[in-house]
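[1] just the structure for this:
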Amino acid sequence: MSPLRLKEKLQALQCHFTWNFEIRDKVDAAHILQTLALRIAHTEYQNQPTLLAMQAYLCHLQGQYEDALQSLREAEKILQRDHPDNFPRQVLVIYGNYAWIYYHLAHYDLVELYLDKVRKICSSLNSRSPYAAQIPEIHAQKGWSLLAAGFRNGREATECFQMALREDEANGEFLAGSAIAAFASWIHSHNSVSWNEAREKLGAFIHEQQQNYEAKVYLAKILKRTDRQHAEVLLEDVVQNSLDPEVLRNAAMFFLPEFLEKAVSILERAISLNPNYHLLHYDLGVCYKKQLEEAKSGRREEILAAAIEAFKKAVQKDPVSVFSKLALAEMYGENTPHYQEEIYLNLVSEMPSLSKKCQQAVYLHWGDFLFYKQKSLWEAAQMYRAGFAIPDNYLERRELKKRLEEVAGEFQQSSQTTEAEDIYDFIQQNETPQYMGRSTGGSNRAGDWRRRENV
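    The predicted model follows:
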């Protein structure tokens with residue numbers, strides 16, 4: 001069969017290669033792989049094979065095909081062990097991923113082999129399509145995969161679990177996914193309807209599974225403003241008993257910025273469980289950075305040294321983490337601005353290999369250094385322009401727009417009206433529809449620049 005004909009059949013499959021994940025580049029994929037490894041190791045649910053299949057897809061994006069195949073083999077083995085009576089329904093997504101990976105490797109005989117496996121299973125299920133089956137197992141697997149790709153997918157994941165629950169309303173795994181998807185939807189909408197839905201679903205799920213610490217962290221975050229006492233009781237249980245570094249990291253973030261010592265203590269415990277997870281060190285650095293804002297002169301050097309050490313470890317554990325490098329540069333800038341400048345210059349030299357979000361972040365921080373510390377208005381404007389010209393609308397782009405308007409204001413104050421108008425024209429020419437209109441926000445104080453977080 002021709003490769004073109006094979007691809008037509010592959011596109012009809014239900015698997016990670018045909019589901020629409022918002023994974024923009026290799027940097028994004030590498031980050032998800034890190035958090036996914038923790039999910040696979042510590043998952044509270046029977047979704048490990050699904051997460052391994054997601055891992056295989058991400059490895060494919062990195063060009064790591066043998067690793068991808070190994071993840072699928074492991075997933076298949078777990079399904080054979082845990083779902084002997086339901087194996088064909090559970091394995092459809094795995095077989096679809098196999099077919100796609102072998103297609104990319106040009107092993108077309110194996111592509112046909114796995115397509116045939118899928119076709120036979122779909123036929124046994126009386127599916128209308130020879131290569132797809134609308135069954136609850138697949139809806140749930142897609143839901144878990146969307147959540148693994150990012151909680152911004154919460155609404156779509158909720159729809160997946162709702163479809164799964166229509167056919168199996170008492171399934172504990174589907175109910176768990178539905179509860180977590182509801183939380184994910186809330187943190188990206190913060191409306192009262194999604195808040196209430198997430199609170200009810202998580203509460204009901206925890207009532208059935210008292211030791212689900214991930215769900216307890218999420219419920220605590222929902223209750224933070226309305227029932228702080230209950231939230232802290234939930235978190236105390238989590239902190240005392242969870243062995244999942246990512247769950248503990250989320251618990252620590254609950255206590256920011258009010259209880260920094262508590263957050264530091266939780267992060268240190270998480271680091272003792274997994275010292276190689278760079279985000280734990282990064283978040284520890286963020287805690288010290290916040291302490292530095294309020295520190296009396298006698299403790300500033302001690303806290304600054306702790307912050308630098310934490311961010312250095314974050315960079316050591318993940319040398320491609322641009323945000324860890326930017327945070328480290330900012331801390332160096334307190335006493336040794338030439339170290340800060342050196343980091344920025346190195347990042348600028350790496351710019352072509354960085355993701356769009358990271359490029360915008362580098363231009364923003366480098367521009368801030370030039371604007372607030374070097375007082376180089378023209379050079380700062382060039383950096384802000386370069387970052388804002390990147391059309392992807394991350395938080396950094398909104399900050400870049402504010403800085404450009406601030407620079408324009410400085411030009412106006414010094415009667416350089418032509419330069420100011422040129423910047424406003426540039427903003428208008430590069431503006432995207434969802435952000436049309438000039439922002440009136442933005443800070444013009446170096447102190448505010450030091451207090452910004454990179455998340």
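
[2] next, find the distance separating the one residue sitting closest to the centre of the chain from residue 236.
    Nearest residue to the geometric centre of the chain (C-alpha atoms, centre = their mean): residue 150, 5.2 Å. Separation of residue 150 from residue 236 (C-beta to C-beta, to the nearest Å) stands at 29 Å. Placement of C-beta: from N, CA and C, glycine included.

[3] just residue 111 next, same as before
    Taken as C-beta to C-beta, the span from residue 111 to residue 236 is 52 Å.

[4] and stretch 200-214, how far apart are its ends?
    Taking C-alpha to C-alpha, to the nearest Å as the measure, stretch 200-214 stretches 16 Å from start to finish.

[5] show me the contact partners of it.
    44, 172, 175-176, 178-180, 182-183, 215-216, 218-219, 222, 237-238, 241-242, 244, 247 (C-beta atoms under 8 Å, 6 or more residues apart in numbering).

[6] next, the buried residues of stretch 404-413.
    Neighbour counts over stretch 404-413 (16 or more other C-beta atoms under 10 Å) mark 404-408, 410-411 as buried.

[7] what pLDDT does residue 455 get?
    Looking at residue 455, its pLDDT stands at 31.

[8] so residue 111 and residue 236 - more neighbours on which side?
    Neighbour totals were compared for residue 111 and residue 236, and residue 111 leads with 24 against 13 (other C-beta atoms under 10 Å).

[9] just how off-centre is stretch 186-205 within its chain?
    Relative to its chain's centre, stretch 186-205 lies at 20 Å (C-alpha atoms, centre = their mean, to the nearest Å).

[10] so residue 224 makes contact with residue 254?
    Yes: Residue 224 is within contact range of residue 254, at 6.6 Å (criterion: C-beta atoms under 8 Å).

[11] so for the two, which sits in the more crowded spot?
    Between residue 224 and residue 254, counted using other C-beta under 10 Å, residue 254 has the larger neighbour count: 21 against 15.

[12] what residues does the host helix or strand of residue 251 touch?
    Counting by DSSP states H and E, the element that carries residue 251 is helix 245-254. Here helix 245-254 makes contact (C-beta under 8 Å, 6+ apart) with 35, 38-39, 42, 213-214, 217-218, 220-221, 224, 231, 235, 238-239, 242, 262-264, 266-267, 269-271, 273-274, 277, 279-280, 283, 287.

[13] give the residues shared as contacts by residue 224 and residue 254.
    With C-beta under 8 Å, 6+ apart as the test, residue 224 and residue 254 both reach residue 231.

[14] which helices and strands does the helix or strand harbouring residue 50 pack with?
    Here residue 50, judged by DSSP H and E, is contained in helix 48-61. If you count contacts as 3 or more C-beta pairs under 8 Å, 6 or more residues apart in numbering; DSSP states H and E, helix 48-61 packs onto helix 26-42, helix 65-82, helix 87-104, helix 136-149.

[15] just checking, what packs against the shortest one?
    Okay, so that is helix 136-149. Using 3+ C-beta pairs under 8 Å, 6+ apart, helix 136-149 is in contact with helix 26-42, helix 48-61, helix 87-104, helix 154-167, helix 172-187.

[16] and the ones you listed, which one is worst for confidence?
    Among the helices and strands packed on helix 136-149, helix 26-42 scores lowest, with a mean of 89.

[17] thinking again about what came up before, switch the helices and strands packed on helix 48-61 over to CSV; also include mean neighbour count.
    Output for the helices and strands packed on helix 48-61, formatted as CSV (neighbours: other C-beta atoms under 10 Å):
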stretch, mean neighbour count
helix 26-42, 18
helix 65-82, 17
helix 87-104, 23
helix 136-149, 25
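
[18] any idea which element residue 118 lies in?
    helix 108-124.

[19] show me the contact partners of that helix.
    So helix 108-124 is contacted by 1, 3, 6, 9-10, 13, 88-89, 91-92, 95-96, 98-99, 102-103, 129-133 (C-beta under 8 Å, 6+ apart).

[20] list the buried ones in it?
    Applying 16+ other C-beta under 10 Å to helix 108-124 flags 111-112, 114-115, 117-119, 121-122 as buried.

[21] between the residues you listed, which is nearest residue 360?
    residue 111 (39.2 Å; C-beta to C-beta).

[22] doesn't residue 267 make contact with residue 283?
    Yes: counting by C-beta under 8 Å, residue 283 does reach residue 267; the two are 5.8 Å apart.

[23] pLDDT weak spots in the stretch 301-450 of the chain?
    For the stretch 301-450 of the chain, applying pLDDT under 70 flags the ranges 432-450.

[24] for it, which segments count as strands?
    Counting by DSSP state E, counting those that start in this stretch, the stretch 301-450 of the chain has no strands at all.
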